[in-house]
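>>> show me how the following folds:
(chains A and B)
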Amino acid sequence: MATVRLSFSPAPVHVRTARLVGVAVARRAGVREDLLDEVRLAIGEACTRAVALHRQYNVPDPVLVEMSDSGAYAVRVVDRAPIEASIGLAALDADQLANESLNEDDLTTGVGFALLAGFVEDLQVRPVEEGVGTEVRMVWPVGR
Amino acid sequence: MELSLATRAVGEHTVLEVGGEVDVYTAPRLRERLLELIDGGDRHVVVDLGRVDFLDSTGLGVLVGALKRLRAAGGSFALVCGKEPLLKIFRITALDQVFPLYPTVDAAIGADPTGSGA
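Numbers count the residues shown, from 1 in each chain, chains lettered A, B, ... in the order given. This is a model prediction of the structure:
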């Protein structure tokens, strides 16, 4: 099993780096070319969510991204924010999105989850096994 | 690729051409530019996403924010987007039902009854 681990301080500027690494490892693992845009977007959304939570709760710890290609391409994005804050996969419908009272942060969170759920068939969001935090686990098939 | 922003006037419309990557790092610059335009009195804004090669939830949030501000001010807001990968993002998030989406700038301006047209 080949594994690549990336950990970065929770700053928006590093999310692009995580996306680039995630796509490079996906390509190397054999994920189909036509899925790579979705891989890029999904890893970006998971990392954006983690960075937002770390900043919201003043958690200076790094965000962890772990990529492995044992049979399929699996990516874990792990945050260390309080657990009750980070679970919740409510996608918003068009009326809610257009509602004047919905603030931009909540809208972005809802849209981010909609993108994750829409682009990743095999998606799990669950508490980490040790300590506080959540992991977003995404799996894509590999073509070989 | 970094974010690029350029504006031009077409009749009563302001066209904001966006290029590169709109993500959690670059979206604040897009928000600032849109706020500058709206606070400066522009009321009919068309955002051309033709040269955008990455757009995430943060960028979408900024665009929805601009749409709401302009509607509240009696203005109009439209997006130009012809690329299937980006259109899929709008469909998956249901934002295709929130934004007026057009394949070209001419189509966006021509469809806006509030502006003067090109």
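>>> tell me the residues of chain B that contact chain A?
B:21, B:23-25, B:54, B:56-58, B:60-62, B:64-65, B:68, B:72, B:85, B:89, B:92-95, B:97-98 (CB under 8 Å from any CB of the partner chain). For the C-beta atoms, the positions are set from N, CA and C on the backbone; glycine is no exception.
>>> the same query, at a cut-off of 7 Å, please.
B:21, B:23-25, B:56-58, B:60-61, B:64-65, B:68, B:85, B:89, B:92-95, B:97-98 (CB under 7 Å from any CB of the partner chain).
>>> what about burial for these, which qualify?
Among the residues of chain B next to chain A, those scoring as buried are B:21, B:23-25, B:56-58, B:60-61, B:64-65, B:68, B:89, B:92-95, B:98 (criterion: 16 or more other CB atoms under 10 Å in any protein chain shown).
>>> residue A:140 is in contact with residue A:72, isn't it?
Yes: if you go by CB atoms under 7 Å, residue A:140 and residue A:72 touch, sitting 6.5 Å apart.
>>> more neighbours, the two?
Each of residue A:140 and residue A:72 has its neighbours counted (other CB atoms under 10 Å in any protein chain shown); residue A:140 has more, 24 against 14.
>>> residue A:75 versus that one, what's the distance?
8 Å (CB to CB, to the nearest Å).
>>> now residue B:107
Taken as CB to CB, the span from residue B:107 to residue A:75 is 38 Å.
>>> so if I had to pick from these two, which one is more boxed in?
In this view residue B:107 and residue A:75 are compared by other CB under 10 Å, and residue A:75 has more residues nearby, 24 against 16.
>>> just the element for that one, please.
Using DSSP states H and E, the element containing residue A:75 is strand A:72-79.
>>> quick one: mean pLDDT over that strand.
For strand A:72-79, mean pLDDT is 97.
>>> other residues contacting that strand?
Residues from elsewhere that reach strand A:72-79, judged by CB atoms under 7 Å, 6 or more residues apart in numbering or on different chains: A:22, A:26, A:29, A:31, A:43, A:46-47, A:50, A:53-54, A:63-68, A:86, A:128, A:133-142.
>>> quick one: buried residues of it?
A:73-79.
>>> what about the residue nearest to residue A:22 when sequence neighbours are not counted, distance to chain B?
Nearest non-adjacent residue to residue A:22, counting by CB to CB, 6 or more residues apart in numbering or on different chains: residue A:43, 3.8 Å away. Separation of residue A:43 from chain B (CB to the nearest CB, to the nearest Å) stands at 10 Å.
>>> residues in contact with residue A:43?
Applying CB under 7 Å, 6+ apart, the residues contacting residue A:43 are A:18-19, A:22, A:75.
>>> now, of the contacts of strand A:72-79, which are buried?
Counted by 16+ other CB under 10 Å, the contacts of strand A:72-79 give A:22, A:26, A:29, A:31, A:43, A:46-47, A:50, A:53-54, A:63-68, A:86, A:133-140, A:142 as buried.
>>> among those, which are in helices?
Mapping the buried ones among the contacts of strand A:72-79 onto helices (DSSP state H) picks out A:22, A:26, A:29, A:43, A:46-47, A:50, A:53-54, A:86.
>>> could I get these as CSV with pLDDT?
Below are these laid out as CSV (pLDDT from 0 to 100):
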residue, pLDDT
A:22, 97
A:26, 96
A:29, 94
A:43, 98
A:46, 96
A:47, 97
A:50, 95
A:53, 91
A:54, 95
A:86, 52
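>>> contacts for the helix or strand containing residue B:16?
Per DSSP H and E, residue B:16 falls inside strand B:13-22. Strand B:13-22 is contacted from outside by A:16, B:1-8, B:30, B:33, B:37, B:42, B:44-49, B:51-56, B:59, B:105, B:109, B:115, using CB under 7 Å, 6+ apart.
>>> avg pLDDT for that strand?
Strand B:13-22 carries an average pLDDT of 97.
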